[in-house]
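Student: Below is the structure, and that's it, no one-letter string:
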């Protein structure tokens, strides 16, 4: 282990941040923080047709929301920049020329159609689909003829028979036969570097010591090691963690539901819960705890305990964790986090900024699973949102229930104690006068006061509502 390891998260800004990529970022971040190293954010934006600035902005926003701070990157600079591949094109051209001079690459003039035809022919003959080297031995004259036809070449790396072997920090010894790979493209016909070419150069020049990524990159690692050898670079250590799977054990995708960090943010998940859950997926901590602080996750993280098998994304488990974090959140802080969701629900802005609103949140937070749930839990405290459910109407649709409500109202009108004392005394009065008890006593009052049959403790609701509001609502059933 180097005295100060350097790891990187290198996403492409071609879409929203997927939870799988977020977990890769988290693993790299925890590794860096655990070992006192550096976490670098590099943007791989050479796919011009799919990359967008809006995705890059959202990426920064999501990582900041998760609390995954980076030590170097395009937003804050560093000694090894630039940190966007689109700003490093001259570097890649120089390294391409080194491979050309060493006769380790060659121009390929095959069209997409020709390559697909070759691929299908190999599949039909039950052979591994790979490039068969059609342009590898073209003469200088044949190359000129191709260029006269208007064909712009890509550049392919010459793959010679060999076994590529490396030690994976999670999976142990990995071996690949070069014969099954074929000559691969390192620079596209439009001049843009291919992923495997650019990443080797970037990781070397940025002194990356450990590459931690998903197992879907295992075959890429074999290609990259050949390029490391061609350049005479020392490869970093590699660790390939398991992928996140859906419940059907296929790779997690939109058909399984929400898959991006942005979607979960909009649904009202807390970053602490999301980080905690992603850390548990495909990893384990020494004391087998499930609710972990950031510091506990950093201190307990180890690549050796990362799972080799896929981790199933269980949204119910995430919701369970999120409810715990909401319940443990300091109420004043929770109010701040809730305000965007309340504004979406068209609650009176002045009321949600009032001091009494803190008491409401304190009442309902144990019932919240996500922040977005808040509207349906607090509407009982707002007259403009008050409405009667069918279950509540059914409870009040009998003489005994109406008698309970009428006597409760009578006591309120004739007494002016403090709310807590007033509620208790009113309940005792109703019980003595009607003989009602248990649900027969409490449910009619709850239904009339809140319009619902479930919710926080009734005495606490009454204290927040106050006598005047309670009287106004009860009178609706006693006319």
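Tutor: Alright, I've got the coordinates. Being a predicted model, the structure only gives us computed values, none of them experimental.

Student: contacting residues around residue 240?
Tutor: 168, 170, 171, 213, 214, 215, 217, 218, 221 (Cβ atoms under 8 Å, 6 or more residues apart in numbering). To be clear about C-beta, it is placed using only N, CA and C from the backbone, and glycine gets the same treatment.

Student: Relative to residue 280, how far out is it?
Tutor: Per Cβ to Cβ, to the nearest Å, residue 240 is found 19 Å from residue 280.

Student: and what of residue 171?
Tutor: 20 Å.

Student: who has more neighbours, those two?
Tutor: Applying other Cβ atoms under 10 Å to residue 171 and residue 280 shows that residue 280 carries more neighbours, namely 21 against 17.

Student: Which residue is the nearest non-sequential neighbour of the more buried one?
Tutor: residue 290 (6.4 Å; Cβ to Cβ, 6 or more residues apart in numbering).

Student: List the contacts of stretch 274-294.
Tutor: Against stretch 274-294 from outside (Cβ under 8 Å, 6+ apart): 19, 22-23, 26-27, 30, 66-68, 241-242, 244, 261, 264, 272, 296-297, 300-301, 305-307, 310-311, 313, 317-318, 321-322, 324-325.

Student: no wait, stretch 313-331
Tutor: With contacts defined as Cβ under 8 Å, 6+ apart, stretch 313-331 is touched by 19, 244-247, 252, 256-258, 264, 269-270, 272-274, 276-277, 281, 290-291, 334, 337, 358, 361-362, 365-366, 368-371.

Student: Could I get the buried residue list for stretch 391-404?
Tutor: 392, 395, 396, 401, 403, 404 (16 or more other Cβ atoms under 10 Å).

Student: In strands only, show me those.
Tutor: Among the buried residues of stretch 391-404, no member is found in strands (DSSP state E).

Student: Determine which two of those are furthest apart.
Tutor: Spanning the widest gap among the buried residues of stretch 391-404 are 392 and 403, at 16.8 Å by Cβ to Cβ.

Student: State the next helix or strand along the chain beyond the worst-scoring helix or strand of the chain on mean pLDDT.
Tutor: Among the helices and strands of the chain, helix 349-352 carries the lowest confidence by mean pLDDT, DSSP states H and E, at a mean of 64. Sequence order places helix 356-364 as the next helix or strand after helix 349-352, per DSSP states H and E.

Student: Could you look up the SS state of the residue nearest to residue 280?
Tutor: Recorded secondary structure, residue 290: coil (DSSP: H, G, I helix; E, B strand; the rest coil).

Student: can you start the count at 715 instead of 1 from here on
Tutor: Okay, residue one is now 715; in that scheme the one you just asked about reads as residue 1004.

Student: Okay, it and residue 767: tell me how far apart.
Tutor: According to Cβ to Cβ, residue 1004 and residue 767 sit 38 Å apart.

Student: can you map out the helices along the stretch 815-964 of the chain?
Tutor: Along the stretch 815-964 of the chain, the stretches classed as helices by DSSP state H, counting those that start in this stretch are 826-838, 854-862, 909-919, 932-945.

Student: Quick one, which of those gets closest to residue 897.
Tutor: When the helices of the stretch 815-964 of the chain are compared (using Cβ to Cβ), the closest one is helix 932-945, at 10.5 Å.

Student: that older thread, could you pick out the buried ones from the contacts of stretch 1027-1045?
Tutor: By neighbour count, with 16+ other Cβ under 10 Å, the contacts of stretch 1027-1045 hold 733, 958-960, 966, 970, 972, 978, 983-984, 986-988, 990-991, 995, 1048, 1051, 1075-1076, 1079, 1082-1085 as buried.

Student: Next, count neighbours for residue 766.
Tutor: Counted with other Cβ under 10 Å, residues neighbouring residue 766 total 12.

Student: got the phi/psi numbers for the residue nearest to it when sequence neighbours are not counted?
Tutor: Among residues not flanking residue 766 along the chain, residue 727 sits closest, at 6.2 Å (Cβ to Cβ, 6+ apart). When read as degrees, to the nearest 10, the backbone of residue 727 gives phi -80, psi 60.

Student: Fine by me, we can end here.
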